[in-house]
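[1] What follows is a predicted protein model with its sequence.
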Amino acid sequence: MTGKRQAEQQGRRSKPWWLGLALAIMGALWLNGARSISSTTNYIGLGPAAIVLAVGLGLTVLGILLILQALRGEFAAVADEAEAPPSHPAFLLALAGVAVPLLTMRWLGFPLTAMLAFALVTHAFGSRRTGLDLVIGFALGSAAWLGFSRLGISLGGFLPLIG
């Protein structure tokens, strides 16, 4: 084989098009799952399947875009990071961030729970601005709580500890 042909084949093998395919398949599974959710709606016309449909559509579109980027050669798999050992403390922090809502939602409320979960996950990804992360998490949690309450969807009390 010529050097040019070998380089082309190596380039094809290193393009992670399969990552986009996996994302598109995951989106299709979400779209399929949304079909099985009952279509009851409240006064604004959005039912419980709306967010599942939106996520499924988003995943599918992003998967297709990722496939196209890979085939055009706009990105390639990074070999350096693949060889790095996983960070167990970071994984445990992210896992704690996912588990916090299961343990604290009822007695802390949505905004404080979101604040803690956000801070834990951002810390797992390398942020060292704990105060700022707590403020951003509380702001996002409060905005989500207010938005859902205006839609008529109860997420419990705003701050149950206060009353």
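    Sure, I can see it.
[2] quick one: what helix or strand has the spatially most central residue of the chain in it?
    Here the mean C-alpha position of the chain is nearest to the C-alpha of V55 (C-alpha atoms, centre = their mean), at a distance of 9.6 Å. Assessed by DSSP states H and E, V55 sits inside helix 49-72.
[3] ok so, going back, distance of the residue nearest to the centre of the chain relative to L23?
    12 Å (C-beta to C-beta, to the nearest Å). (C-beta placed from N, C-alpha, C; glycine too.)
[4] Likewise for V98?
    In terms of C-beta to C-beta, V98 sits 20 Å off from L23.
[5] And the contacts of the helix or strand hosting D133?
    Using DSSP H and E, D133 sits in helix 130-150. Helix 130-150 is contacted from outside by 109-119, 122-123, 127, 154-155, 158, using C-beta atoms under 8 Å, 6 or more residues apart in numbering.
[6] And stretch 116-126, by the same measure?
    Applying C-beta under 8 Å, 6+ apart, the set of residues contacting stretch 116-126 is 90-94, 96-98, 100-101, 104, 108, 130, 133-134, 136-137, 140-141.
[7] Among those, name the buried ones.
    L93, A94, A96, G97, V100, L108, D133, L134, I136, G137, G141 (16 or more other C-beta atoms under 10 Å).
[8] could I get the residues you listed as TSV with pLDDT and distance to P86?
    Shown next, in TSV, are the buried ones among the contacts of stretch 116-126 (pLDDT from 0 to 100; distance: C-beta to C-beta, whole Å):
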residue	pLDDT	distance to P86
L93	93	13
A94	91	11
A96	92	16
G97	92	17
V100	91	21
L108	91	30
D133	96	22
L134	97	26
I136	97	26
G137	96	25
G141	93	29
